[in-house]
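Q: Sharing a model prediction with you, sequence too.
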Amino acid sequence: MPGPYLDFEKPLVELESHIEDLRALADGQDLQVRDELRRLESKAEDLRRKVYGNLSRWQRVMLARHPARPYTLDYVERVFTDWTELHGDRLYRDDPAIVGGLARLDGEPVMVIGHQKGRETRDNIARNFGMPHPEGYRKALRLMETAARFGRPIITLVDTPGAYPGVGAEERGQAEAIARNLREMARLPVPVIAVITGEGGSGGALALAVGDRVLMLEHAVYAVISPEGCASILWKDAAKKAEAAEALRLTSEDLARQGVIDRIVSEPLGGAHRNVEAMATELRRVLIEELAALRAQPPGVLVERRLEKYARMGTWREEAAP
Amino acid sequence: MTWWQREKTGLKPQPKGSRREIADELWVKCSSCGEILFRQELVKQRWVCPKCRFHFRVSAHEYLGFLLDEGSFAETHRGLLSEDPLEFRAGKDRYRDKLIQARQATGLEDAVITGRGKVEGRPVIVAVMDFNFLGGSMGSVVGEKVARAIGDSLAARQPLIIVSQSGGARMQESILSLMQMAKTSALLGRLRDAAVPFISILTHPTTGGVTASFAMLGDLVLAEPRALVGFAGPRVIQQTIQAELPEGFQTSEFLLEHGMVDRVVDRHELRRVLDRALAFLTWSEAARGRREGGAVRLDDGPRLAIRGGDEAAPRRATGGGPEGHDASA
């Protein structure tokens, strides 16, 4: 199993490493050991189902933030071809927390844009842990508008703790940058597919996630605020993050039930990080299918339907005015 | 978002006609300069401290009084109530109960009032938020009422004015609150395509999901003096960067300096500025002809939106010159 593991994965990791050891030792010759291996592997499979089949919402959050979870560039490598990264917002600087560029999906040119977290400490600092500044959102919009001018579909991959809360970000108009993306993404005259791949951190996620189709990987999460933030405000205690995660209803199933996302993309058992190749293959298959359906619609209809979809969002009851 | 709580001194909900108003003290201490002010005088001064020009936070109804011609306001879209879709509770605190308490304390149905009115005789559509209702937070009802106000504005081709005052998206409705940002912003795109003016007025405080959606999307963005305006709350930023925040950070004046708002406008100047802005932001017949004759657009979508707006209401004649009032509606 790759990389670091989470607390609830520990029994599984132990069993798996035991199996590894035994396999190395036995060399596949000893019948008795082979039987034992078979027994252990079936036990591991059961354990996997048990561990990953009953995750609490907080555990799902941890899985979505798993340090080994694939990020945008991991998918770019596997889902698309001819990746050519493009940089800069033409106003201030290039924000490495968002990557974007030209690519092909099954041969067809598309613009791919996504949040990018770093893998090691240095990379993570450079990427600001996937928390964009306004210039990141402005780069994203610039690339989307470029795609729209040339009739190319847009695919976004969303994975961020949120837009960066810092002095420079405020000075340069974090709120304005997000707001503008929301307005403009709603009327891009080309197909827009957004995929929540990991953490959907509030407005910082939404600013790349207004689309005709919003997909969500099975173990991704998406909410208006982080469980920690919610807990510290409403519970006045950041330690109540697990309770807050429950209350926020932030899993892919929760969001599908509320009609906010259009489709769940299933992950390999245990999560995307346990089999990145399989995850990428499945995502590629789904994206090709989704894009084909969207391409059949004329741009005007596409924009009109997208707007109508967002105009319907929300739930309220209406009583006769008193 | 508990940072607002330090602002509490001297800021009390003042719904019109509530019993609290009568019971309130005769004197009010300015929460900025500490001056003791005679309450009646302060009301006359539109809740602006005569000594330091501090703009007290006021209720939505009071703000409507500053904004609109006397007696011109007619409320729209009443009767929309939150559903508590997630049956949200934080410990013992149930969202459902919080809503009931907020309704009782403020006399409002939710954190925004919408309606029609006039500014110096010009018909406008207004939406005014109220911080006293759950921190002015935006959930489904706020989003829907703002959306309907945008729709009214588009249908009547009358300018939209939104007065923001909000801690951001409403956590208790989670993802649906977040979606209100996309919903309101998307619909404002339609208003923009139809060239119907939208003036956004930022008051203390405007933060989070409201700033990061409709509040920053005005054709004009005006802000009251020294209002706190930002995306993230100052405390969150301080915790993140582990350093002192610069002097005057996230005030209206700070935003003005950084090019994020058009003007900082004193409450006493507001109607004069609006009058000029509304006169300017009305399509002249000549310009309309140019637009419709030679418009080249990227796609069909926005054009559909423009057609919808034009057909929904008869075109208004524009007044003569920048001072001319439009009395056709």
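A: Thanks, I have it.

Q: so where do the strands sit in the stretch 151-300 of chain A?
A: A:154-160, A:192-201, A:213-217, A:221-223, A:263-265 (DSSP state E, counting those that start in this stretch).

Q: can the ones you listed go into JSON lines with extra columns for distance to chain B and mean pLDDT?
A: Where you see a C-beta, it was placed from the backbone N, CA and C, and this is true even at glycine. What follows is the strands of the stretch 151-300 of chain A, written out as JSON lines (distance: least, C-beta to the nearest C-beta, whole Å; pLDDT from 0 to 100):
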{"stretch": "strand A:154-160", "distance to chain B": "12", "mean pLDDT": "98"}
{"stretch": "strand A:192-201", "distance to chain B": "8", "mean pLDDT": "98"}
{"stretch": "strand A:213-217", "distance to chain B": "10", "mean pLDDT": "98"}
{"stretch": "strand A:221-223", "distance to chain B": "5", "mean pLDDT": "98"}
{"stretch": "strand A:263-265", "distance to chain B": "14", "mean pLDDT": "98"}
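
Q: A:L47: neighbour count?
A: Neighbours of A:L47 under the rule other C-beta atoms under 10 Å in any protein chain shown: 16.

Q: Same check on A:K236?
A: A:K236 has 11 nearby residues by other C-beta under 10 Å.

Q: For it, give its distance to B:D93.
A: Distance of A:K236 to B:D93, given as C-beta to C-beta, to the nearest Å: 10 Å.

Q: How about A:T160?
A: For A:T160, the distance to B:D93 equals 29 Å [C-beta to C-beta].

Q: Of those two, give the one with the bigger neighbour count.
A: Set side by side, A:T160 and B:D93 show more neighbours around A:T160, with 30 against 13, by other C-beta under 10 Å.

Q: Nearest spatial neighbour of A:E319, chain-adjacent residues omitted?
A: What sits nearest to A:E319 in space, not counting adjacent residues and going by C-beta to C-beta, 6 or more residues apart in numbering or on different chains, is B:G79, at 4.4 Å.

Q: That neighbour contacts B:D110, doesn't it?
A: No - applying C-beta atoms under 8 Å, one finds B:G79 not in contact with B:D110, separated by 10.6 Å.

Q: Looking only at neighbour counts, state which of those two leads.
A: B:D110 (27 against 12).

Q: Assumed that one was part of a strand.
A: No - assessed with DSSP: H, G, I helix; E, B strand; the rest coil, B:D110 is coil; it does not lie in a strand.

Q: could you measure it against A:D74, distance?
A: B:D110 is 43 Å from A:D74, by C-beta to C-beta.

Q: Can you tell me the centre-most residue of the chain?
A: Answering for chain A, as no chain was given. What sits nearest the mean C-alpha location of chain A, by C-alpha atoms, centre = their mean, is A:T197, with 1.7 Å.

Q: right, and that one touches A:D74 too?
A: No - contact between A:T197 and A:D74 fails when scored by C-beta under 8 Å: they sit 9.4 Å apart.

Q: Any idea how many residues pack against B:A243?
A: Other residues within reach of B:A243, judged by other C-beta under 10 Å, total 10.

Q: Apart from its neighbours in sequence, what residue is nearest residue 281?
A: In the absence of a named chain, chain A is used. Nearest to A:T281 is A:R78, by C-beta to C-beta, 6+ apart, at 7.6 Å.

Q: sorry, should have said chain B
A: B:P197 (3.6 Å).

Q: Could you measure from the one you found over to chain A?
A: 15 Å (C-beta to the nearest C-beta, to the nearest Å).

Q: Which phi and psi values does that residue adopt?
A: phi -70, psi 150 (degrees, to the nearest 10).

Q: same thing with B:I36?
A: phi -90, psi 120.

Q: so it makes contact with B:W27?
A: Yes - at 5.4 Å, B:I36 counts as touching B:W27 under the criterion of C-beta under 8 Å.

Q: so where's the stretch 1-150 of chain B uncertain?
A: B:1-24 (pLDDT under 70).

Q: which residues are contacting whichever strand or helix holds B:Q104?
A: Here B:Q104, judged by DSSP states H and E, is contained in helix B:95-106. By C-beta atoms under 8 Å, 6 or more residues apart in numbering or on different chains, the residues outside helix B:95-106 that reach it are B:13, B:15, B:59, B:81-82, B:84, B:86-89, B:108-109, B:130, B:132-134, B:172-173.

Q: filter those by proximity to chain A?
A: B:81-82, B:86, B:88-89, B:172-173 (C-beta under 8 Å from any C-beta of the partner chain).

Q: now the helices: where do they sit in the stretch 1-150 of chain A?
A: Taking DSSP state H, counting those that start in this stretch as the test, the helices found in the stretch 1-150 of chain A are A:10-26, A:31-53, A:57-64, A:72-79, A:121-126, A:134-149.

Q: Establish whether the third one and chain B are in contact.
A: Which is helix A:57-64. No - Helix A:57-64 lies out of reach of chain B by C-beta under 8 Å from any C-beta, never closer than 11.3 Å.

Q: try the last one
A: Yes - for helix A:134-149 and chain B, the contact criterion (C-beta under 8 Å from any C-beta) is met by A:148-149.

Q: counting contacts, what elements does that helix pack onto?
A: strand A:98-105, strand A:108-115, strand A:154-160, helix A:174-185 (3 or more C-beta pairs under 8 Å, 6 or more residues apart in numbering or on different chains; DSSP states H and E).

Q: Comparing the ones you listed, which comes out most buried?
A: strand A:154-160 (a mean of 28; mean count of other C-beta atoms under 10 Å in any protein chain shown).

Q: now the angle from that strand to strand A:192-201?
A: 0 degrees (axes from the mean of the first three to the mean of the last three C-alpha atoms, to 10 degrees).

Q: What pairs with strand A:154-160, parallel or antiparallel?
A: Looking at strand A:154-160 with DSSP bridges, its partner strands are strand A:108-115 (parallel), strand A:192-201 (parallel).

Q: As PDB, could you dump the C-alpha coordinates of it?
A: Written as PDB, here are the backbone C-alpha positions of strand A:154-160 (Å, rounded to 0.1, in the frame of the first residue of the first chain):
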ATOM      1  CA  ILE A 154     -13.400  22.500 -20.600                       C
ATOM      2  CA  ILE A 155     -12.700  20.000 -17.900                       C
ATOM      3  CA  THR A 156     -11.800  21.100 -14.400                       C
ATOM      4  CA  LEU A 157     -10.500  19.000 -11.500                       C
ATOM      5  CA  VAL A 158     -11.300  20.300  -8.100                       C
ATOM      6  CA  ASP A 159      -9.200  19.600  -5.000                       C
ATOM      7  CA  THR A 160      -8.500  22.400  -2.600                       C
END
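
Q: so it versus helix A:72-79, what angle?
A: 140 degrees.

Q: B:Q250 against B:R226, yeah?
A: No - contact criterion C-beta under 8 Å: B:Q250 and B:R226 do not qualify, at 10.3 Å.

Q: Counting neighbours, go ahead and name the busier of the two.
A: Per other C-beta under 10 Å, whichever of B:Q250 and B:R226 has more neighbours is B:Q250, with 25 against 18.

Q: Identify the residues contacting that one.
A: Counted by C-beta under 8 Å, 6+ apart, B:Q250 has contacts A:170, B:228-230, B:234.

Q: again with B:D262
A: B:D262 neighbours (C-beta under 8 Å, 6+ apart): B:220-222.
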